[in-house]
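In: Got a predicted structure here, sequence first:
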Amino acid sequence: MTTHHSFRIGRRVAPVALLCAGVLGISTAASAGLSTGTLAQAPDHPFPGTSAACDNLIKQQTDLGSHNYPDAEVEPYVTADPTNPSHLVASFQQDRWNDGGANGQITDVSNDGGVTWTLASTQPAFTVCQGATPGSTSFFNRASDPWVSYSPDGKTVYQAALAFNANGPAFGGASSVQVSTSGDGGTTWNTPVAVRVDQSFTVLNDKETVTADPLNNLDAYTVWDRLVSPSVNANPTAFTFTPAFRGPALFSKTTDGGKTWSPAKIIFDPGQQNQTISNQIVVEPAGTAKGTLVDFFVLIQNKGGKGNPRAASSVAAIRSTDGGATWSAPVTISPLVDTQVRINGVDVRTGDIIPGFTADPSTGNLYAVWQDGSFSPTGQAKIAFSQSSDGGLHWSAPIRIDQSPGNTPAFTPQVHVNSDGTIGVTYYDLENATAAQPGLTDAFIVTCPAATSDCTKAASWAAGGETRLTTSGSFNMTTAPFARGYFVGDYEGLTATGATFDSFFVMAQPRATAGLTDPFANTAK
C-alpha cells in the first residue's frame, strides 16, 4: 500500500491503466541474449455486481469522494512451487481505488510455467467484496500489497494482504495485516488469519510481506512498517511535520503452517520522525550464515518521512540468528538517492523506495536492487545492484545495471535467481518514448550468470544487453491509474521455472475509458 510513504496506501492510484501482468520465462544464454515468448492474458475477476454488500460498499465510498476503477488490476507478485517450479501462483490488486488499495485481491494459478493461467476457484476473503462477513477479522473495505510465498515442501502457499478501511479520500480507520493459506497449490484458500489489527485513526499498518522459510516446512515470517502519529486523521502533513511521528518495523512468525501467528513485535524502531518501509525477510539458504533471517528495508531518517525534501534514505538490513527472537543493529547497504520519474512534468508512481531482495539457494549470496538517482548526471532514476557473500554483514559497492540509454529513466526493479545461479533483474523504462507519445513504456530484463561472472562489475551485466519483455509493443503509461502519479504498481513479480525466468508485470493498455487494466503472462526459453 505504501503511503507517504505512508501514503502509499496512499500512494494510491487513481485512474488505472490496463494491467498486463506478464509472466514471462526467459532462458539464460546471457551472452547470446535472451529470447522471450508471447504475452498471454491471465484472468481477472472484477467485484462490482458480485454481491449486494460489495456494491453497497462501493457506493458508500464513492459518495464520500473516492473513485473506483472496476476491472483495474495492479501490483502483482508471483511465487513458484519448490517441488514443481512449473506450478506458479500469482496475486494482484483487483478494482483499484484512486486513493488507496483495491476492492480485493485476485489469485491466478499456472501449471505450465506461466504459458496459461486460471483463476483460483475460491479467493481469500480479505475484504467485504471478497466475501468477508460482519464479525470476521477481515471485514474491511479494501486490500493492498499482495504478496505470495511457497513452503519448501510445496504443501502450503501463503498470501498476505494489507486490509484496511478507507473513509473517503484519505486514510483513517482500522488497518490490519492478514495472511491466508492454501493447501492445494493456490486453487482454494483458507479463512485469513489476522496477524495484526489496529482500530485507530492515528496508526497505519503498511507494506507487509510474507516469507516461507526455505529450510523449515512449517515456518513463515511476516514483516511490515507501522506508522504512528499523535494526530487524528493521519495525513501527509501530520506525518511530515509531527515530531512524534515514527514508523518501526514489526515482525510475526508462524510455526504451524499459518494456522496461528505470534504476537506482533517491534524488531527495529528508527526513532521519532523516522520510518522503515518495504520490509522483506530473506532467509539465508546456504553458507556459513545458513538459517539467518535478514530483514531488508528502506530507512527514511530525520525530518519526517518520504515527501519531505530534508529526509535522508538508505537501503538497510537487520539480522537474526535465532529465528527472530533477537535482531542486530542495522547494516547500511547503501544510501538511496530517491528520484521522481516524470512524463511531461507529471509524476509516475514507481518503486522508488521499494527495493527487491533475494538469495542464491546454492551459494547463499544475497542480492539487492533498487531505484536510484545517483548514476545519472541529471538525477534520472537508474537501477542499482549490490551483493553480500557473508550473510548480509558486508555489501559490495553499488553499481548501475540497467541498460537503458542515456538519461532514460529506469524504474521499479525486481530480482530473482534461477536454477543455474543466474541473477535476473526486471525493470520498466521510457527508452521508446517519443515527443508525440512521451508515455511509451516497456519492461525489460537484464541478467548476470553469477557462476561464471563477477556480478559486482557493470560489464558483466552489459554483456548480455537488455531483453524486452513487452513483446506486444510499448504501453502508454499516461493511461495508467493516477495515484499520486501514473501507477501500475510499487513492485512487480519475478520468479523462475528452472533456468527460465517468469516475470509477472503490469502494462497500461489503450481503452475507451482510461483506467481499465488486464493481467497478461509471457514465457520465453
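Out: That came in fine, so what should we check first?

In: May I ask you to confirm that residue 411 is in contact with residue 350?
Out: Yes - under the criterion of Cβ atoms under 8 Å, residue 411 makes contact with residue 350 at 4.1 Å. (C-beta placed from N, C-alpha, C; glycine too.)

In: and for those two, which residues touch both?
Out: 341, 371, 381, 428 (Cβ atoms under 8 Å, 6 or more residues apart in numbering).

In: Turn those into JSON lines, including pLDDT.
Out: Listed next are these as JSON lines, based on pLDDT from 0 to 100:
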{"residue": "341", "pLDDT": "97"}
{"residue": "371", "pLDDT": "98"}
{"residue": "381", "pLDDT": "98"}
{"residue": "428", "pLDDT": "96"}
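
In: among those residues, which ones are buried?
Out: Buried members of those, scored by 16 or more other Cβ atoms under 10 Å, are 341, 371, 381, 428.

In: What strand or helix carries the last one?
Out: If I follow you right, that is residue 428. strand 422-429 (DSSP states H and E).

In: Please save the CA atoms from that strand in PDB.
Out: Taking C-alpha atoms only, strand 422-429 is exported to PDB below (Å, rounded to 0.1, in the frame of the first residue of the first chain):
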ATOM      1  CA  THR A 422      22.000 -16.600 -13.000                       C
ATOM      2  CA  ILE A 423      20.600 -13.400 -11.500                       C
ATOM      3  CA  GLY A 424      17.700 -11.700 -13.300                       C
ATOM      4  CA  VAL A 425      16.600  -8.200 -12.800                       C
ATOM      5  CA  THR A 426      13.400  -6.700 -14.400                       C
ATOM      6  CA  TYR A 427      12.500  -3.000 -14.700                       C
ATOM      7  CA  TYR A 428      10.500  -0.500 -16.700                       C
ATOM      8  CA  ASP A 429      12.000   2.300 -18.800                       C
END
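
In: Direction included, what does the very next helix or strand once past that strand pair against?
Out: Per DSSP H and E, the first helix or strand lying C-terminal to strand 422-429 is strand 440-449. Neighbouring strands of strand 440-449 in its sheet, by DSSP bridges, are strand 422-429 (antiparallel), strand 467-468 (antiparallel), strand 475-476 (antiparallel).

In: Quick check: buried residues in the longest one?
Out: Which is strand 422-429. By neighbour count with 16+ other Cβ under 10 Å, strand 422-429 contains the buried residues 422, 423, 424, 425, 426, 427, 428, 429.

In: Dig out what the first one forms beta bridges with.
Out: I take that to be residue 422. With DSSP bridges as the rule, residue 422 is bridged to residue 449.

In: And for residue 336?
Out: residue 313.

In: Can I get the buried ones among the shared contacts of residue 411 and residue 350 in CSV including distance to residue 261?
Out: Converted to CSV, those look like this (distance: Cβ to Cβ, whole Å):
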residue, distance to residue 261
341, 37
371, 31
381, 36
428, 34
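
In: What strand or helix carries residue 218?
Out: Counting by DSSP H and E, residue 218 is part of no helix or strand.

In: ok, it to residue 225 distance?
Out: Distance from residue 218 to residue 225, counting by Cβ to Cβ, to the nearest Å: 26 Å.

In: In terms of neighbours, single out the busier of these two.
Out: residue 225 (29 against 16; other Cβ atoms under 10 Å).

In: what sits against that one?
Out: Here residue 225 is in contact with 205, 206, 207, 247, 248, 249, 250, 275, 276, 277, 279, 297 (criterion: Cβ under 8 Å, 6+ apart).

In: who does the first one bridge with?
Out: Translated: residue 205. Taking DSSP bridges, one finds residue 226 as the beta-bridge partners of residue 205.

In: And for it, the neighbour number?
Out: Other residues lying near residue 205 total 27 when counted by other Cβ under 10 Å.

In: how about residue 64, phi and psi?
Out: Phi and psi for residue 64, reported as degrees, to the nearest 10, are phi -80, psi 0.

In: can you give me the strands in the stretch 251-400 of the chain?
Out: 265-268, 275-283, 293-301, 312-320, 331-336, 341-343, 346-349, 356-359, 366-372, 382-388, 399-400 (DSSP state E, counting those that start in this stretch).

In: hmm, who's touching the shortest one?
Out: With Cβ under 8 Å, 6+ apart as the test, strand 399-400 has contacts from 372, 375, 382, 383, 384, 385, 386, 456, 457, 458, 461.

In: For the stretch 151-300 of the chain, which segments are assigned as helices?
Out: Assigned helices in the stretch 151-300 of the chain, in chain order: 236-241 (criterion: DSSP state H, counting those that start in this stretch).

In: Low-confidence stretches in it?
Out: For the stretch 151-300 of the chain, residues meeting the criterion pLDDT under 70 lie at 168-172, 230-244.

In: Tell me the spacing between residue 120 and residue 109.
Out: Computed with Cβ to Cβ, the distance linking residue 120 and residue 109 is 6 Å.

In: In terms of neighbours, single out the busier of these two.
Out: Per other Cβ under 10 Å, whichever of residue 120 and residue 109 has more neighbours is residue 120, with 24 against 21.
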